[in-house]
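K.L.:
need a 3D model of the sequence below.
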Amino acid sequence: MQTMPVHYSRIASPLGELVVLGDGQSITGLYLPGHQGWEGPCADCQPADELFSAVRIQLAEYFAGDRQQFDLPLHFSGTDFQQRIWRELLKIPFGSTVSYTELASCAGQPYAARAAGHANGRNPISLIVPCHRVIGASGQLTGYAGGVDKKRWLLDFEASRRSRE
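P.N.:
Numbering: from 1, shown residues only. All right, here's what the predicted structure looks like:
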C-alpha cells in the first residue's frame, strides 16, 4: 500500500515559526514552536512552500486581524471521538471560549469532559482548528500543547480584535 507523501512549510508568525504539514490536498498538521509531543517534520517529509500559499495568506490575514475563520481543506487522523471534538472546535467563534464540559456536550458526550480535554490536546492542526479557545470550567487557562503563554496570547489577541468590531 502506497502512502501519500507528507509535505511541509515553515511560516513566520508573531508566535514564532509555525510548521504546517499536508498531503498535497489537505492540511494535516500545524505546529507552534515548542509544541509538546512534536519533534518536527518527519525524515521523509518534503519541503513544499508552494503547496501552502493559501495557508500562508490566511494566517497573515488572521494575525493582521482581518480573518476570523479559516477556509482551508483539512484532513483529520484520529479516533471517531477525537474527530468529533475537532469538528466542534471549528464551531467556536473567534474571540469566544468554551469549557471542556461544554465541548464534550456539543460532541454528544456531556459526561466526557476529561476525554474531550485529551482529544483537544491531541488536535494536530493548532490555530486553524482553534483548540486554544477551550478553557477550564472556572475560566482558568489549562494546558495547551503550544504552551499556555501562547494560548493566553491568542485569546488576548482575539479579544482585542473582537472588541474593535
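
K.L.:
can you mark which positions in the helix ranked longest in the chain are buried?
P.N.:
Criterion DSSP state H: the longest helix present in the chain is helix 148-162. Within helix 148-162, the residues that count as buried by 16 or more other CB atoms under 10 Å are 150-151, 154-155, 157-158, 161. Using the backbone N, CA and C atoms, a C-beta is placed for each residue, glycine as well.

K.L.:
please apply the same query to stretch 27-38.
P.N.:
Buried residues in stretch 27-38, counted by 16+ other CB under 10 Å: 27-32, 35, 38.

K.L.:
where along the protein do the helices fall?
P.N.:
All helices of the chain, identified by DSSP H, fall at 53-63, 80-89, 100-106, 113-121, 148-162.

K.L.:
what's the last one in contact with?
P.N.:
Going back to what we said before, that points to helix 148-162. 14-15, 32, 63, 65, 68, 94-95, 97, 127, 132-133, 141-142, 144 (CB atoms under 8 Å, 6 or more residues apart in numbering).

K.L.:
quick check, nearest of the residues you listed to residue 47?
P.N.:
residue 32 (18.7 Å; CB to CB).

K.L.:
which residues does that closest one contact?
P.N.:
Counted by CB under 8 Å, 6+ apart, residue 32 has contacts 15-16, 18, 126-127, 145-147, 150.

K.L.:
where does confidence bottom out across the residues you listed?
P.N.:
Across the contacts of residue 32, the smallest pLDDT goes to residue 145, namely 74.

K.L.:
find the nearest non-adjacent residue to the most centrally placed residue in the chain, please.
P.N.:
Centroid-nearest residue in the chain: residue 126, 1.9 Å away (criterion: CA atoms, centre = their mean). In space, residue 126 comes closest to residue 30 once its chain neighbours are excluded; the distance is 5.1 Å by CB to CB, 6 or more residues apart in numbering.

K.L.:
tell me the pLDDT of the one you found.
P.N.:
Residue 30 is assigned 95 on the pLDDT scale.

K.L.:
identify the bridge partners of it.
P.N.:
Per DSSP bridges, residues listed as beta-bridge partners of residue 30: residue 20, residue 125.

K.L.:
do I have it right that it meets residue 131?
P.N.:
No: using CB atoms under 8 Å, residue 30 makes no contact with residue 131, being 10.6 Å away.

K.L.:
ok so, going back, pull the most distant pair out of the contacts of residue 32.
P.N.:
Distance extremes for the contacts of residue 32: the farthest pair is 16 and 145 at 14.0 Å, using CB to CB.
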